[in-house]
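# Predicted model and sequence below, questions to follow.
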Amino acid sequence: MAKTQLNVRVDEATAEAARERASQRGISVNRYIEELVRQDEGENGRAFVQAAAEFMQKYEAVFAEEFDARGDGIR
């Protein structure tokens, strides 16, 4: 995968925390940030799926009733 440079500005405490966490894990700060972003993407995806599942569970009866009332027979 091609790499691109991304410049960000953070306060010194945040920069030091990133350096320390990366060092503790034995990886570069770049790798550490990449992993954080990928983890965040995964969490967002899981949160969306969870919210959709909760919505469908909450409104399943409403959908079933609506489709049956129209004769669609979807269950």
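Arrived safely. Numbers count the residues shown, from 1 in each chain.
# Please go through this protein and pick out the longest helix.
helix 29-69 (DSSP state H).
# For F63, which residues are in contact?
Contact analysis of F63 by Cβ atoms under 8 Å, 6 or more residues apart in numbering lists M56. Quick note: C-beta positions are derived from backbone N, CA and C, even for glycine.
# E41 versus that one, what's the distance?
From F63 across to E41, the span is 30 Å (Cβ to Cβ, to the nearest Å).
# okay, which residue is most central for the protein?
For the chain, N44 is the residue whose C-alpha lies nearest the centre (Cα atoms, centre = their mean; 1.9 Å).
# Distance check, that residue against A51.
Using Cβ to Cβ, we find N44 at a distance of 11 Å from A51.
# Likewise for G26?
36 Å.
# and Q5, what element?
Applying DSSP states H and E as the criterion places Q5 outside every helix and strand.
# Could you list the single helix or strand in the protein with the lowest mean pLDDT?
Of the helices and strands making up the chain, the lowest-confidence element is helix 29-69, at a mean of 83, by mean pLDDT, DSSP states H and E.
# More neighbours: G26 and A51, which one.
A51 (10 against 7; other Cβ atoms under 10 Å).
# what about the more buried one, distance to K58?
11 Å.
# Next: Q24.
Taking Cβ to Cβ, one finds Q24 at 42 Å from K58.
# Just give the number of residues close to Q24.
9.
# Same question for I33.
Neighbourhood size, I33 [other Cβ under 10 Å]: 15.
# For it, give me its contacts.
Here I33 is in contact with A18 (Cβ under 8 Å, 6+ apart).
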